[in-house]
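Undergrad: Sequence and predicted structure below; questions after.
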Protein chains: 2
Amino acid sequence: MRNRPIPEATVARLPIYLRSLLDMAETTGELTVSSEELARRAGVNAAKVRKDLSYLGSYGTRGVGYDVEYLLYQITRELGLTQDWPAALVGIGNLGRALASYKGFSERGFRISALFDVSDDVVGTETGGLTVRHLDELKEVVAEDNICIGIISTPPNSAQEVAERFVDAGVKSILNFAPSVVNVPPDVNVRKVDLSIELQILSFYQQRTQAIATAREANRRLGAQGQG
Amino acid sequence: MRNRPIPEATVARLPIYLRSLLDMAETTGELTVSSEELARRAGVNAAKVRKDLSYLGSYGTRGVGYDVEYLLYQITRELGLTQDWPAALVGIGNLGRALASYKGFSERGFRISALFDVSDDVVGTETGGLTVRHLDELKEVVAEDNICIGIISTPPNSAQEVAERFVDAGVKSILNFAPSVVNVPPDVNVRKVDLSIELQILSFYQQRTQAIATAREANRRLGAQGQG
DNA sequence: TCGTGTTTGTGATAACGCTCACAAGCTCGT
DNA sequence: ACGAGCTTGTGAGCGTTATCACAAACACGA
């Protein structure tokens, strides 16, 4: 079990466990945590927690639980968060500025070390302690600062071009906030965060429950009519 | 097939198809689109596109493809985007302000109709044409403006309380940008967007590929040593 | 030392999702 | 009218993920 590759679904949950454990370590004095408690905090099933953690190794003690600090360390290590990953952010609009000063990144070991744009209006301005540079300097800066992660927060029609510039500069990990699909070579990893897709999914289920409520209401009235 | 419930995975892809189709309708003059073409634009498999669309109904024509306008309408309707969904945003920090003025929402029929915070520094200020109100007014405003969707962009430790206020006000759909798990009754739908989790997942795979490269390098040197 | 109570680790199984492959069905030219 | 050439819709098979259920392992008190 230990040497099996870690399933994607598990990798996606490790950061949630990490956050829950950090929260525990700060607020409670507990030295150990059971899969049940961790599951509750992470909002998942206890069996899932145990199976997920078992992919990392047998770090629990039966009858006791998991040592909080040790587990924290193991997950941090597994996620590669013991080293810091310099990132570059392209696209300094409203969202880009918010991301540039987002504390959640730095708290988790991600340092945005360079900002880029193409518009003369923002190139040269300062945001979150960094001066915005022109996109043409990207390749050079990536090499200098050893940048590993590219973040795209441009309008959708520029995203593909920026992605290609990142690839050309040797960046292998890209996080895309622009609402568009970007195509990259197979050795490059792209993840996307789409702010409005999630709203559209909510809309689907909201409409569905409202439709059911409406149908039930109509049905109720029909029944009343039949009886009355 | 037609009356089966639509799988979650399909629902999550409908917005992507929608975006691809909108893009097509604007840029190309094509009246129809094949599953192959749509798949290419959406970055998925053609068979997946066909199966996904088949859940909505038989809207394609064999040998021809799908009528772009008709498919656009059907997906829009299925996602519940024919009506607009007023949303309330709580937490007016950097991210909150960026979300409040994010064009991607309004372009897709989501109107943020009220902003809330608790800090005296921001209550009363204006952002994106709306005046920030105090969180205590939430319930009242939700009822007045018929708000269906709640968006949370507070610090993590306030998220749960805000979620409960939304639930109390009768909101059934919540989008959570705060990096924390929120618990709600089963009839309320919460989706989360976590900006840094995606980075952590990237970090995992980045580390993995770097580790492989390092091991291969070490192995190469060992081989050279053995031979030399 | 042994029994009781607790919690992990993991087979087994079920549910879900993805991909393939191909018949059914359409268009168009002859 | 008919055959050639496409493209859809979907059954079948496979891989992944979730859940259950329980033996193995530990702590602790008597």
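TA: Cool, the structure landed. If you're wondering where the values come from, they're calculated on a predicted model, not measured in any experiment.

Undergrad: Flag every residue of chain A that's near DNA strand C.
TA: Neighbours of DNA strand C within chain A, by C-beta under 7 Å from any atom of the strand: A:1-2, A:33-36, A:46-47, A:50-51, A:53-54, A:58-66. The way it works is simple: take the backbone N, C-alpha and C, and place the C-beta from them, glycine included.

Undergrad: Would you mind listing which of those residues are buried?
TA: For the residues of chain A next to DNA strand C, a neighbour count by 16 or more other C-beta atoms under 10 Å in any protein chain shown gives the buried set as A:33, A:34, A:35, A:50, A:53, A:60, A:65, A:66.

Undergrad: ok, of these, which one's closest to DNA strand D?
TA: Of all these, residue A:50 has the smallest distance to DNA strand D: 6.7 Å, by C-beta to the nearest atom of the strand.

Undergrad: Got the confidence number for residue A:3?
TA: If you check residue A:3, the pLDDT there is 68.

Undergrad: Give me the longest strand you can find in chain A.
TA: Longest strand in chain A by number of residues, with DSSP state E as the criterion: strand A:110-117.

Undergrad: And the next helix or strand past that one?
TA: strand A:126-127 (DSSP states H and E).

Undergrad: which residues sit against that next one?
TA: A:92, A:96, A:97, A:100, A:101, A:115, A:132 (C-beta atoms under 8 Å, 6 or more residues apart in numbering or on different chains).

Undergrad: Turn those residues into JSON lines, including pLDDT and neighbour count.
TA: Below are the contacts of strand A:126-127 laid out as JSON lines (pLDDT from 0 to 100; neighbours: other C-beta atoms under 10 Å in any protein chain shown):
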{"residue": "A:92", "pLDDT": "98", "neighbour count": "24"}
{"residue": "A:96", "pLDDT": "97", "neighbour count": "24"}
{"residue": "A:97", "pLDDT": "97", "neighbour count": "22"}
{"residue": "A:100", "pLDDT": "96", "neighbour count": "20"}
{"residue": "A:101", "pLDDT": "94", "neighbour count": "17"}
{"residue": "A:115", "pLDDT": "98", "neighbour count": "27"}
{"residue": "A:132", "pLDDT": "98", "neighbour count": "23"}
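
Undergrad: Can you report phi and psi for the residue nearest in space to the middle of chain A?
TA: Centroid-nearest residue in chain A, with C-alpha atoms, centre = their mean: residue A:193, separated by 7.5 Å. Dihedral angles of residue A:193 (phi, psi; degrees, to the nearest 10) stand at phi -120, psi 110.

Undergrad: quick one: strands adjacent to the longest strand of chain A?
TA: strand A:85-90 (parallel), strand A:130-134 (parallel) (DSSP bridges).

Undergrad: Sort out which residues of the first one are buried, please.
TA: Of all the residues in strand A:85-90, those buried under the rule 16+ other C-beta under 10 Å are A:85, A:86, A:87, A:88, A:89, A:90.

Undergrad: now swap in the shortest one and tell me
TA: Of the residues in strand A:130-134, those buried by neighbour count under the rule 16+ other C-beta under 10 Å are A:130, A:132, A:133.
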